[in-house]
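S.K.: Please find the sequence and the predicted model below.
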Amino acid sequence: EYLDGRSLGSWLDALPGPPRLAEVGRILGTLLDAFEVAHAYGIVHRDLKPDNVFLAEVGDQRIIKVLDFGLAHVDDARDSGPTLTQQDAVAGTPDYMSPEQCRSLAVGPSADLYSIGCLLTTLLQLRPPFAGGSSMDTMAKHMFARPPALLRPEESEPVPPLLEKLRLDLLAKVPERRPRDAAETKRRLVEALSPDASEARLPTR
């Protein structure tokens, strides 16, 4: 498929500051829709990052595409043969790898949700949550370090508390402590970006 546009990474690099929260919600919501479908088919991407998200221009519309399933793991109970990649091999991009990927453990859909948490962090502060002097340093932080607070320009929109809670839950070290699936993550994202829903969940004291 020929795509006219640019990668999310290129788009973010050209911005003077983090995108508006409405745009963050639109991008992340579309990605979560895509991953809900992929996970329903037993496909775990394992290498989500800004360069693998493409903002395609179709007429006057921007369509968000997920690219490069080359590291995907396909879980197919009907086939006991080899999958696209081995489960016991380190695969992915260190800045966006889940702790279980860093440990070379078998991964499931929750690994993609962790990467979505890293991507959400990048959308909010134009850098992923962890950075090290080497790939091993970065992977060690994914495994052991607490996610640091967001670094946003003073003039940026305030991040709603429910959105920050979702970000930190997506970055949980243990898969079982992350949101259950992409659909639940999408529901929480919509709620976090809705002033009425946030006010109902977090009433002013």
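M.R.: That came in fine, so what should we check first?
S.K.: Distance-wise, check the residue nearest the centre of the chain relative to Asp137.
M.R.: Centroid check for the chain by Cα atoms, centre = their mean gives Ile116 as the closest residue, at 1.0 Å. Here Ile116 is placed at a distance of 23 Å from Asp137 (Cβ to Cβ, to the nearest Å). Bear in mind the C-beta positions are built from the backbone N, C-alpha and C, glycine included.
S.K.: With Pro19 instead?
M.R.: Distance from Pro19 to Asp137, counting by Cβ to Cβ: 28 Å.
S.K.: more crowded one of those two?
M.R.: Taking Pro19 and Asp137 together and counting by other Cβ atoms under 10 Å, Pro19 has the greater number of neighbours (19 against 13).
S.K.: hmm, back to that, what sits against the residue nearest to the centre of the chain?
M.R.: Applying Cβ atoms under 8 Å, 6 or more residues apart in numbering, one finds that Ile116 lies in contact with Leu28, Leu31, Leu32, Phe35, Leu48, Leu170, Thr185.
S.K.: Report the secondary structure state of the second one.
M.R.: Three-state assignment for Leu31 (DSSP: H, G, I helix; E, B strand; the rest coil): helix.
S.K.: quick one: pLDDT of Glu199?
M.R.: Model confidence at Glu199, given as pLDDT, is 67.
S.K.: One more: Asp79?
M.R.: Per-residue confidence for Asp79 comes out at a pLDDT of 42.
S.K.: which intervals of this protein have sub-threshold pLDDT?
M.R.: Applying pLDDT under 70 to the chain flags residues 70-73, 75-91, 198-199, 202-205.
S.K.: Let's see that with 80 instead.
M.R.: Within the chain, the ranges that satisfy pLDDT under 80 run 70-92, 197-205.
S.K.: No further queries at this time; thank you.
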